[in-house]
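Peer 1: Show me how the following folds:
(one chain, ligands or ions: 3)
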Amino acid sequence: MSQTVIAKFGGTSVADSVAMNSSADVVLSNPDVKVVVLSASAGVTNLLVALAEGCSPADRTDKIEQIRNIQYKILDKIPGSQVVHEEIDRILENITTLSEAASLATSAALTDELVSHGELMSTLLFVELLRSRNVNAEWFDVRKVMITNDRFGKAEPNVQALSDLCNQHLKPRLEKTLIITQGFIGSEEKGRTTTLGRGGSDYTAALLAEALGAKRVDIWTDVPGIYTTDPRVVPAAKRIDEIGFEEAAEMATFGAKILHPATLLPAVRSDIPVFVGSSKDVAAGGTLVCNKTSQPPLFRALALRRKQTLLTLHSLNMLHARGFLAEIFNILANHNISVDLITTSEVSIALTLDTAGSSTCGASLLTTSLLTELSALCRVEVEENLALVALIGNQLAQARGVGKEVFGVLEPFNIRMISYGASSHNLCLLVPGDDAEHVVKTLHHNLFE
Ligand code: ADP
Ligand code: ASP
Ligand code: MG
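Peer 2: Ligands and ions are numbered 1, 2, ... in the order given. The predicted structure is shown next:
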């Protein structure tokens, strides 16, 4: 394992000139940081996604102007940045052309091509800012190494190809210069741009760390670490100083936005610790996610994932039958749908789908063809606007009294479904979307305050 640290900065950490300078300070304070992974400046990806969905000409102009403003404000503060100015203008022209195409016909491939420009711009600006501070930094197009499949919007990386290409193209450069590259984006076999799903830059950083044999990944964001729940929802949430891989992975999977759900896969695979801190307040410290933590508590954190859909499938054929569930799962797999929670009864099965998912293109999972195929087998009921609240902890399934502590305070709420026992690290509840924050606040108050 090398001494290399991969540092990733999220959208708010590269939102404007002040934020970018703080992030540059963080990078320069640690000589072990050899690769910097950046998100697009805050707000830019959302604007690009909206453009990719197709806009009226007026709306299009307005959104492109907003993007231009965000990037120009940063440019204007960097002395002698004429060349980059031209590059940013060229990218804005590209964005205009692609947005016009998207207004005629949208596609997932076009969306990925369009949204990738956010990361391309933020990295160009950051390199220029470092150069203006006399730092030897090089812009690197991550698509040269981040080879993925062609599942546009939520592409999966080819880990072996990434490792080989990093050894070839990236490793030799690390001795000589600081590399600045893009999170979130990749390239499929034919060279078309893909994305790893919303929030995917965390995942990029962990994947690069694995490929380069790095000693740590630092995720710099707008909060100084991982908290017992989203501090925006519960201001009394407390920072967790150290947390195990499994617990943090459960948090990320079940909606703690602080880490992209897949971030910890490479970290766990290659035992690389992940640090999470605030780029604006380094002195505040942060959270270390690592293999072993001392005395993991019974209750660790609460995560919340909105926009969940509950599918209930009824069929008398389930009674004493074999293979019914296999047929259902086959259909779901053919539609590329992964199931989250599941409960069964004698003649029915209920399962939840993460409708929002993290896909860059917000295509609905519940397509007519899926519902038609399922309806041929069983009666299908769909309930929308639910939220999944996950209690993350340790040895939850083995402990006594968990039910009382959790459900005792949830009397005022309708709990639509419960999943408990599959993992000793979580207990999941499905509740009406409108109650979700209230449920989290109530549980947090009882379990953590
Ligand atoms: P970035 O753009 O840096 O990737 P994100 O917005 O994706 O930042 O993630 C940081 C946000 O995650 C925080 O501002 C916070 O509101 C949210 N968040 C959700 N759950 C947690 C948690 N358990 N601890 C800390 N932050 C959380
Ligand atoms: N810019 C992308 C997004 O907003 C990726 C990221 O921020 O991690 O989803
Ligand atoms: Mg993020």
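Peer 1: use CA for all of it now, contacts and neighbours both
Peer 2: OK.
Peer 1: next SSE after the helix or strand hosting L120?
Peer 2: For L120, the host element (DSSP states H and E) is helix 108-132. Downstream of helix 108-132, the next assigned helix or strand under DSSP H and E is strand 137-140.
Peer 1: Return the list of helices and strands in contact with the helix holding L120.
Peer 2: Under the contact criterion of 3 or more CA pairs under 8 Å, 6 or more residues apart in numbering; DSSP states H and E, helix 108-132 touches helix 17-28, strand 33-38, helix 44-52, helix 57-75, helix 82-104, strand 137-140, strand 178-182, strand 193-195.
Peer 1: can I get those in TSV with mean neighbour count, distance to K404 and mean pLDDT?
Peer 2: As requested, the helices and strands packed on helix 108-132 are exported to TSV (neighbours: other CA atoms under 10 Å; distance: least, CA to CA, whole Å; pLDDT from 0 to 100):
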stretch	mean neighbour count	distance to K404	mean pLDDT
helix 17-28	20	45	98
strand 33-38	26	44	98
helix 44-52	22	42	97
helix 57-75	16	50	97
helix 82-104	16	53	96
strand 137-140	21	54	98
strand 178-182	25	47	98
strand 193-195	31	43	98
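Peer 1: quick one: which of those is nearest T352?
Peer 2: strand 193-195 (24.7 Å; CA to CA).
Peer 1: just checking, M121 touches R90?
Peer 2: No: look at M121 against R90 with CA atoms under 8 Å: they stay out of range, at 10.3 Å.
Peer 1: Just give the closest residue to E242, not the sequence neighbours.
Peer 2: Nearest residue to E242, sequence neighbours excluded (CA to CA, 6 or more residues apart in numbering): L288, at 4.8 Å.
Peer 1: What distance do you get for that neighbour to G277?
Peer 2: L288 sits 9 Å away from G277, going by CA to CA, to the nearest Å.
Peer 1: cool, and R269?
Peer 2: Separation of R269 from G277 (CA to CA): 22 Å.
Peer 1: what do you get for T229?
Peer 2: The value you get for T229 to G277, if CA to CA is used, is 15 Å.
Peer 1: Give me the more crowded residue out of those two.
Peer 2: T229 (26 against 23; other CA atoms under 10 Å).
Peer 1: so who does that one touch?
Peer 2: Contact partners of T229, counting by CA atoms under 8 Å, 6 or more residues apart in numbering, are 237-238, 256, 301-303, 444.
Peer 1: Can you list the low-confidence ranges for the stretch 101-250 of the chain?
Peer 2: For the stretch 101-250 of the chain, applying pLDDT under 70 flags no range at all.
Peer 1: Spell out which parts of it neighbour ligand 2.
Peer 2: Neighbours of ligand 2 within the stretch 101-250 of the chain, by CA under 6 Å from any ligand atom: 184, 198-202.
Peer 1: SS state for the residue of the stretch 301-449 of the chain at minimum distance from ligand 2?
Peer 2: Distances between the stretch 301-449 of the chain and ligand 2 by CA to the nearest ligand atom are smallest at T360, namely 7.2 Å. Following DSSP: H, G, I helix; E, B strand; the rest coil, the label given to T360 is coil.
Peer 1: what's the closest non-adjacent residue to it?
Peer 2: G153 (4.4 Å).
Peer 1: Contact residues of the stretch 201-350 of the chain facing ligand 1?
Peer 2: Residues of the stretch 201-350 of the chain lying close to ligand 1 by CA under 6 Å from any ligand atom are 221-223, 225-232, 256-258.
Peer 1: nope, the stretch 1-150 of the chain is what I meant
Peer 2: 10-12.
Peer 1: Which ones among the residues you listed map onto strands?
Peer 2: Within these, no residue falls in strands by DSSP state E.
Peer 1: List just the nearest of those residues to C428.
Peer 2: Nearest to C428 out of these is G10 (CA to CA; 28.3 Å).
Peer 1: Can you mark which positions in the helix holding L120 are buried?
Peer 2: 108-131 (16 or more other CA atoms under 10 Å).
Peer 1: Equivalent analysis for stretch 401-412, please.
Peer 2: Going by 16+ other CA under 10 Å, stretch 401-412 has these buried residues: 406, 410.
Peer 1: what distance separates that stretch from the centre of its chain?
Peer 2: Between the centre of stretch 401-412 and the centre of its chain there are 31 Å (CA atoms, centre = their mean, to the nearest Å).
Peer 1: Just the mean pLDDT for it, thanks.
Peer 2: Here stretch 401-412 scores 93 as its mean pLDDT.
Peer 1: so G153 touches L196, yeah?
Peer 2: Yes: with contact defined as CA under 8 Å, G153 counts as touching L196 (6.4 Å).
Peer 1: Give the residues shared as contacts by the two.
Peer 2: 359-360.
Peer 1: Those two: who's more crowded?
Peer 2: L196 (28 against 25).
Peer 1: Next up, the contacts around the more buried one.
Peer 2: L196 neighbours (CA under 8 Å, 6+ apart): 153-156, 184-186, 203, 359-360.
Peer 1: Same list, those, but as a markdown table with distance to E373 and secondary structure please.
Peer 2: Compiled in a markdown table, those are given as follows (distance: CA to CA, whole Å; DSSP: H, G, I helix; E, B strand; the rest coil):
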| residue | distance to E373 | secondary structure |
| --- | --- | --- |
| G153 | 24 | coil |
| K154 | 24 | coil |
| A155 | 25 | coil |
| E156 | 26 | coil |
| F184 | 33 | coil |
| I185 | 33 | strand |
| G186 | 33 | strand |
| Y203 | 34 | helix |
| S359 | 23 | coil |
| T360 | 26 | coil |
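Peer 1: Are any of those residues buried, and if so which?
Peer 2: 153-156, 184-186, 203, 359-360.
Peer 1: For the stretch 1-150 of the chain, which residue gets nearest to ligand 1?
Peer 2: Counting by CA to the nearest ligand atom, the stretch 1-150 of the chain gets nearest to ligand 1 through G10 (3.2 Å).
Peer 1: That residue touches T221, doesn't it?
Peer 2: Yes: under the criterion of CA under 8 Å, G10 makes contact with T221 at 5.4 Å.
Peer 1: Right, I'll call it a day here.
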